[in-house]
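*Asks:* structure, please.
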Amino acid sequence: MIWIKIFSDPMKKYIAFCLTVYAVIFSVQSWAALDRVFDFALLDDGGEFHQLSRYKHQDAVVLMAYDNSCEAMPSLLKSYRSIADKFSGQDIQFLLIDSLDLGRPALSNLDAGLPILEDDGQLVSESLGIEKAGEVLALNPERLSVYYRGSLSDSFQQSLSALSEIQDTVKSDPAGCDIDYSTKEKHGGSPPDYAMEVAPIIIENCVECHRQGGVGPFALDSYIMLLGWSPMIREVLLNKRMPPTQVDPYIGHSDDARYIEKAEMQTLVHWINAGAPQGSSEIDPLESFNFPDTEDWALGVPDYIVAGPSNDVPPTGVLDYIYEDIDLQFDEDRWVRAIQYKSGDSSVLHHLMTFVTGPEEDFWGDERVQESVTKRFLGSYSPGKSNVQIFPEGTGVFIPKGNKLSMQFHYVTNGQRTSDQTQLALYFSGREDLQERLVQAVSSRFILPPNEPNHAMRAEHVFKEKVVLTGVRARMNYRGKKMKFAIEETDGLLREIFSIPAYNYGWQPHYVLDQPEVIEAGTRVHVIGAFDNSISNPTNPDPEKELRFGLNSWDEMFTGYFTFHNVP
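*Replies:* Residues are numbered from 1 along each chain as shown. Below you'll find the model as predicted:
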């Protein structure tokens, strides 16, 4: 401080004051540092989706590690529930987490009184550093940090009462039973092998989009590329952004969904945690893998090829849907038994829907004015796959003479200006005894209030004839949160057949059911879901805005589609 002598006394005092302030600030920053956590997402024992960052409308998310076999758990659970009741009037979400990976069948038989997050593979628990069943964490969903970690002590309740005042993570020794992370320990001693274990998972689940010319924003075509993107891969796996179109694995099944086994998740995450070692293999499976050729017509020469419009795609920006009508030069009625899409530029074509429409009808048709509408759905395009659709034996899509095709295109930008002209191959059937493949669009009208994180929605339809349900599709816009499809049984109870617990406006595939559902005449089907019009929804353009039903992307809609055909 000797150099201050060169200044006048007032200047000396000012500089000394500034140095003192800076010292205090830096001192506070050095100790006032809440522990950081990553964003994660899990389903609970009821199939509901929970993501830490989607609780920004709450002040805190509290977790307690749960193990029903722990001797101390009944007492710990009783205390935890009592604290949850005490703070029930505040913006704090209390949850349990299945840190032992018991799974939903076991959890569904328990009466814990609070939602239990299913931690498949224990990956979230181990990443959060949970050591004991009964350990409690209070998390800040806005900052992705930890207010409190430890036991159900007085300091825990004091922390919850003064969240805004906490500048350093409050910690206490956790009480309860030790948690065994056997797979983590196994991989810690011997990390998964890149060539033999990791690369095959990437090839099976990722490269159909993440390849040169694919719709993914980068190509996973070598070890070096996988290494460079490994931190992001870990992030999107744990918060369930990828693989896309994930659904509830316990409700129905469809090959159009992207399921990933917990053992595969453990392999990828533990390999990344270990530093993503390349191993000793001289062959890089990602470099040597050749994606199957999708340029050929898989079912042979088509009976008719529909040439879509040439759509220009700019290098950057978010694009709204493009709607196009395609005239068909058919001189008679046609039955279609199979189709195949062939994209002009698969790096930008995100998805495509096609309906058969009348001469004066557009893509939406009577959906504009009616809540339940029967339509002719020809098929959809999704990135990465061969996009060959063979309709069930004895069924087909009927195209009356004079009808046309109405298409909805969704494009994404990739940094380069390009154009897309997608082709659609039609394969006709010579049979005349086919059952017509149709879709029932079931919707509702509503007013969506602002700042509402869970606005419940329902719609229903009664099938007047015996039908076979073969697929479903969810349709909402940016504020869509979740959607389930259910059948009302004769006793009035609902049986869920498919669930999309984390709806994503960017991914709206048609899910073909592995097991079609035969329902009797007079059966009522239900579409059940919710909107998230709050700050917690990362795709929400404006949580302060009230919305009504509309078919434009800046409106909102709630429509479930049931694909079906009659029973002969």
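
*Asks:* which residues touch the residue most central in space within the chain?
*Replies:* Nearest residue to the geometric centre of the chain (Cα atoms, centre = their mean): residue 502, 4.6 Å. Contact partners of residue 502, counting by Cβ atoms under 8 Å, 6 or more residues apart in numbering, are 41, 49, 51, 240, 246, 481, 482. Every C-beta, even on glycine, is put in place using the N, C-alpha and C of the backbone.

*Asks:* host element of the last one?
*Replies:* Secondary structure assigned from DSSP states H and E places residue 482 in strand 480-488.

*Asks:* list the buried ones in that strand?
*Replies:* Buried positions in strand 480-488, judged by neighbour count with 16 or more other Cβ atoms under 10 Å: 480, 481, 482, 483, 484, 485, 486, 487, 488.

*Asks:* with stretch 331-345 instead?
*Replies:* Quick answer for stretch 331-345 (16+ other Cβ under 10 Å): 334, 335, 336, 337, 338, 339, 340, 341, 342, 343, 344, 345.

*Asks:* re the thing from before, whichever helix or strand comes after the strand holding residue 482 pairs with which strands?
*Replies:* Beyond strand 480-488 on the C-terminal side, the first helix or strand identified by DSSP H and E is strand 494-500. Strand 494-500 has its sheet partners listed here by DSSP bridges as strand 480-488 (antiparallel).

*Asks:* mean confidence for the partner strand?
*Replies:* If you average the pLDDT over strand 480-488, you get 98.

*Asks:* and residue 272, how far from residue 312?
*Replies:* 39 Å (Cβ to Cβ, to the nearest Å).

*Asks:* so which of the two has more stuff around it?
*Replies:* residue 272 (22 against 10; other Cβ atoms under 10 Å).

*Asks:* now tell me what touches the helix or strand hosting that one from outside.
*Replies:* Element membership of residue 272, judged by DSSP H and E, is helix 262-273. Residues from elsewhere that reach helix 262-273, judged by Cβ under 8 Å, 6+ apart: 101, 120-121, 123, 127, 183-184, 187-188, 191-192, 194, 197-198, 201-202, 205, 230-231, 233-234, 237-238, 277.

*Asks:* distance from the chain centre to the next helix or strand along the chain from it, please.
*Replies:* Of the helices and strands lying after helix 262-273 in sequence (DSSP H and E), the nearest is helix 285-288. Averaged C-alpha coordinates place helix 285-288 at 28 Å from its chain's average position (Cα atoms, centre = their mean, to the nearest Å).

*Asks:* same deal with stretch 388-405?
*Replies:* 31 Å.

*Asks:* what's the answer for stretch 469-477, then?
*Replies:* 15 Å.

*Asks:* start to end distance for stretch 545-556?
*Replies:* End-to-end distance of stretch 545-556 (Cα to Cα, to the nearest Å): 11 Å.

*Asks:* what of stretch 405-423?
*Replies:* Start-to-end, stretch 405-423 (Cα to Cα) is 13 Å.

*Asks:* check stretch 378-386 too.
*Replies:* End to end - Cα to Cα - stretch 378-386 spans 16 Å.

*Asks:* list the buried residues for it?
*Replies:* 378, 379, 380, 381, 382, 383, 384.

*Asks:* rewinding a little: report the buried residues of the helix holding residue 272.
*Replies:* 262, 264, 265, 266, 267, 268, 269, 270, 271, 272, 273.

*Asks:* so where do the helices sit in the stretch 51-200 of the chain?
*Replies:* 73-86, 104-107, 123-127, 154-161, 182-189, 199-205 (DSSP state H, counting those that start in this stretch).

*Asks:* please identify the deepest-packed of those.
*Replies:* Neighbour counts (mean count of other Cβ atoms under 10 Å) averaged over each of the helices of the stretch 51-200 of the chain peak at helix 123-127, with a mean of 23.

*Asks:* so what secondary structure elements neighbour it?
*Replies:* helix 223-238, helix 262-273 (3 or more Cβ pairs under 8 Å, 6 or more residues apart in numbering; DSSP states H and E).

*Asks:* may I see those helices organised as a markdown table, with mean pLDDT added?
*Replies:* Listed next are the helices and strands packed on helix 123-127 as a markdown table, based on pLDDT from 0 to 100:
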| stretch | mean pLDDT |
| --- | --- |
| helix 223-238 | 97 |
| helix 262-273 | 97 |
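
*Asks:* can you put those helices in a markdown table and add distance to residue 545?
*Replies:* A markdown table is the format used below for the helices and strands packed on helix 123-127 (distance: least, Cβ to Cβ, whole Å):
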| stretch | distance to residue 545 |
| --- | --- |
| helix 223-238 | 29 |
| helix 262-273 | 37 |
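
*Asks:* okay, the helix holding residue 272 in PDB with CA atoms only?
*Replies:* What follows is helix 262-273 as a C-alpha-only set of coordinates in PDB (Å, rounded to 0.1, in the frame of the first residue of the first chain):
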ATOM      1  CA  LYS A 262     -30.500 -48.400 -18.600                       C
ATOM      2  CA  ALA A 263     -27.500 -50.700 -19.100                       C
ATOM      3  CA  GLU A 264     -26.700 -48.700 -22.300                       C
ATOM      4  CA  MET A 265     -27.100 -45.400 -20.300                       C
ATOM      5  CA  GLN A 266     -24.800 -46.600 -17.600                       C
ATOM      6  CA  THR A 267     -22.200 -47.700 -20.200                       C
ATOM      7  CA  LEU A 268     -22.200 -44.300 -22.000                       C
ATOM      8  CA  VAL A 269     -22.300 -42.100 -18.900                       C
ATOM      9  CA  HIS A 270     -19.700 -44.100 -16.900                       C
ATOM     10  CA  TRP A 271     -17.400 -44.100 -20.000                       C
ATOM     11  CA  ILE A 272     -17.700 -40.400 -20.300                       C
ATOM     12  CA  ASN A 273     -17.100 -39.900 -16.600                       C
END
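
*Asks:* how far off centre is that helix?
*Replies:* Per Cα atoms, centre = their mean, the centroid offset for helix 262-273 relative to its chain is 19 Å.

*Asks:* what's the angle from that helix to helix 182-189?
*Replies:* Per axes from the mean of the first three to the mean of the last three Cα atoms, to 10 degrees, the angle that helix 262-273 makes with helix 182-189 is 40 degrees.

*Asks:* was I right to think residue 163 contacts residue 146?
*Replies:* No: with contact defined as Cβ atoms under 8 Å, residue 163 does not reach residue 146; the gap is 11.5 Å.

*Asks:* more neighbours: which of these two?
*Replies:* The neighbour count for residue 163 versus residue 146, taken as other Cβ under 10 Å, is higher for residue 146 (20 against 16).

*Asks:* what's the spacing between the residue nearest to the more buried one when sequence neighbours are not counted and residue 143?
*Replies:* Spatially, and ignoring its direct neighbours in sequence, residue 146 is nearest to residue 35 (4.2 Å; Cβ to Cβ, 6 or more residues apart in numbering). Applying Cβ to Cβ, the value for residue 35 to residue 143 is 11 Å.

*Asks:* more crowded one of the two?
*Replies:* residue 35 (16 against 12).

*Asks:* what's the pLDDT at the more buried one?
*Replies:* Value listed for residue 35 in the pLDDT field: 96.

*Asks:* do you know how far it is from residue 544?
*Replies:* In terms of Cβ to Cβ, residue 35 sits 33 Å off from residue 544.

*Asks:* I'd assumed residue 152 was in contact with residue 138.
*Replies:* No: counting by Cβ under 8 Å, residue 138 stays clear of residue 152, with 11.3 Å between them.

*Asks:* returning to what we had before: any residues in contact with both of residue 163 and residue 146?
*Replies:* Common neighbours of residue 163 and residue 146 (Cβ under 8 Å, 6+ apart) are 138, 140.

*Asks:* so which of the helices and strands packed on helix 123-127 comes closest to residue 367?
*Replies:* Across the helices and strands packed on helix 123-127, residue 367 has its closest neighbour in helix 223-238 (33.3 Å, Cβ to Cβ).

*Asks:* next, the buried residues of the closest one.
*Replies:* So, applying 16+ other Cβ under 10 Å, buried residues of helix 223-238: 223, 225, 226, 227, 229, 230, 233, 234, 237, 238.

*Asks:* so who does the third one touch?
*Replies:* Taking Cβ under 8 Å, 6+ apart as the definition of contact, the neighbours of residue 226 are 198, 199, 202, 220, 233, 276, 286.
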